[in-house]
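A.B. asks: Just a sequence and a predicted model for now, questions to come.
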Amino acid sequence: MNRKSTGDRSDIYTRITDRIVAALEQGVRPWMKPWSVANTQGRISRPLRHNGLPYSGMNVLLLWSEGIARGFSSPMWMTFKQALELGAAVRKGETGSTVVFASRFIKSESDGQGNEVDREIPFLKAYSVFNIEQIDGLPDRYYEQPLAVLDPVERIDQADRFFRNTGALIRHGGSQAYYSPVTDHIQMPPLETFRDAAGYVATLSHEATHWTAHPARVGRDLSRYAKDMSERAREELIAELGSCFLCADLGIVPELEPRPDHASYLQSWLRVLSDDRRAIFQAAAHAQRAVSFLHDLQGAAETGTKAA
């Protein structure tokens, strides 16, 4: 990889992190913007590609932020080329929004002893996409109204099934919500202590993201969580992003106001992101792996039920 590519990659990390840090400095969690009171009346979903598949990880945060900042109501995005292939065209003067693509390549290097060894090198590439509201001439299906949103009772029932299918041990009692790595269980206050059932589900989605850290699941290291404030802040950021992703998938509004025990993380997140320009990308990637793992358990549970 040449020096220019390395510089471009570093600039992507810096530009995006600076945007998030600026919002946090104003006391705003930018990944919560799509869930503001003005927007929760309709369906909140992940941003969608032109083929209807949802974006994941860091791109969810980027496109949520762009959509809110620029007033787009549609969650669907596509590249300039994809619009052309559909017989449409981006309107003159419209500017794209940045998304990123992360991958790896193999590079052979000498180990200093005359041997060639393969080293895996990650790289990040940025490209532009346009919201369909910036594009003219798309097929009618892109302008059709989305399917009706499930009513609140159906959404809660669906969420209940989702968490039941994970097989997580969920205990109720007390006034705190947390995941215990020692006993590998999620502790939740009784349902009636929450403002509503959606608030309960939103909190559970946060703790379920922590639950995935167990070595038998996605395997994040929580050994320093209780001792190192920086490591705790990183894990709490993963859980908060995981909760947002999962709530979007379940049609549930997440915790709009941070819990009292979480409010203190704002300054810790600022320190982590200011010191490490890749931290938000890593947190989003970990959150995506956690949520994907929870979704994968749904298929396993359904298969087991049918087999029984």
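C.D. replies: Looks like it came in fine.
A.B. asks: Next up, the contacts around the residue nearest to residue 274 when sequence neighbours are not counted.
C.D. replies: When the adjacent residues along the chain are set aside, residue 274 lies closest to residue 21, with 6.2 Å between them (Cβ to Cβ, 6 or more residues apart in numbering). Just so you know, the C-beta spots here come from the backbone N, C-alpha and C atoms, and that holds for glycine as well. Residues in contact with residue 21 (Cβ atoms under 8 Å, 6 or more residues apart in numbering) are 270, 273-274.
A.B. asks: hey, where'd the strands end up in this protein?
C.D. replies: In the chain, strands defined by DSSP state E lie at 77-78, 89-90, 97-110, 116-131, 135-136, 170-172, 178-180, 185-188, listed in chain order.
A.B. asks: can you list those in TSV and add distance to residue 53?
C.D. replies: Conversion of those to TSV gives the following (distance: least, Cβ to Cβ, whole Å):
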stretch	distance to residue 53
strand 77-78	11
strand 89-90	21
strand 97-110	13
strand 116-131	13
strand 135-136	18
strand 170-172	31
strand 178-180	30
strand 185-188	30
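A.B. asks: what's the most buried one of the ones you listed?
C.D. replies: Across the strands of the chain, the average number of neighbours (mean count of other Cβ atoms under 10 Å) peaks for strand 77-78, which reaches a mean of 26.
A.B. asks: now for that one, which elements pack on it?
C.D. replies: Helices and strands in packing contact with strand 77-78 are listed as strand 116-131; criterion 3 or more Cβ pairs under 8 Å, 6 or more residues apart in numbering; DSSP states H and E.
A.B. asks: Can you list the strands that the strand it packs on pairs with?
C.D. replies: Here the strand partners of strand 116-131, with direction, are listed using DSSP bridges: strand 77-78 (antiparallel), strand 97-110 (antiparallel).
A.B. asks: picking up where we left off before, which of the strands of the chain sits closest to residue 283?
C.D. replies: Minimum separation from residue 283 across those (Cβ to Cβ) falls at strand 97-110, 13.4 Å.
A.B. asks: For that closest one, the averaged confidence score.
C.D. replies: With pLDDT averaged residue by residue, strand 97-110 scores 78.
A.B. asks: Stretch 213-226 now?
C.D. replies: pLDDT averaged over stretch 213-226 equals 94, rounded to a whole number.
A.B. asks: Can you give me the buried ones in that stretch?
C.D. replies: 213, 217-218, 220, 222, 225 (16 or more other Cβ atoms under 10 Å).
A.B. asks: Going by distance to residue 139, which of the residues you listed wins?
C.D. replies: When those are compared against residue 139 (criterion: Cβ to Cβ), the nearest one is residue 218, at 38.6 Å.
A.B. asks: Stretch 277-291: which residues count as buried?
C.D. replies: With burial defined by 16+ other Cβ under 10 Å, the residues of stretch 277-291 counted as buried are 277-281, 283-291.
A.B. asks: In JSON lines, list these along with distance to residue 64.
C.D. replies: Formatted as JSON lines, the entries for the buried residues of stretch 277-291 read as follows, by distance: Cβ to Cβ, whole Å:
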{"residue": "277", "distance to residue 64": "20"}
{"residue": "278", "distance to residue 64": "20"}
{"residue": "279", "distance to residue 64": "19"}
{"residue": "280", "distance to residue 64": "13"}
{"residue": "281", "distance to residue 64": "15"}
{"residue": "283", "distance to residue 64": "15"}
{"residue": "284", "distance to residue 64": "11"}
{"residue": "285", "distance to residue 64": "16"}
{"residue": "286", "distance to residue 64": "18"}
{"residue": "287", "distance to residue 64": "13"}
{"residue": "288", "distance to residue 64": "14"}
{"residue": "289", "distance to residue 64": "19"}
{"residue": "290", "distance to residue 64": "18"}
{"residue": "291", "distance to residue 64": "15"}
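A.B. asks: Isn't residue 222 up against residue 235?
C.D. replies: Yes - checked against Cβ atoms under 8 Å, the pair residue 222 and residue 235 is within contact range at 6.5 Å.
A.B. asks: residues bridging contact with the two, i.e. touching both?
C.D. replies: Contact criterion Cβ under 8 Å, 6+ apart; residues bridging residue 222 and residue 235 by contacting each: 210, 213.
A.B. asks: closest to residue 16 out of the strands paired with strand 116-131?
C.D. replies: Among those, the nearest to residue 16 by Cβ to Cβ is strand 97-110 (7.4 Å).
A.B. asks: Show residues contacting the closest one.
C.D. replies: Taking Cβ under 8 Å, 6+ apart as the criterion, the residues outside strand 97-110 that touch it are 1, 12, 16, 55, 57-59, 62-63, 66, 70, 77, 116-131, 281, 285.
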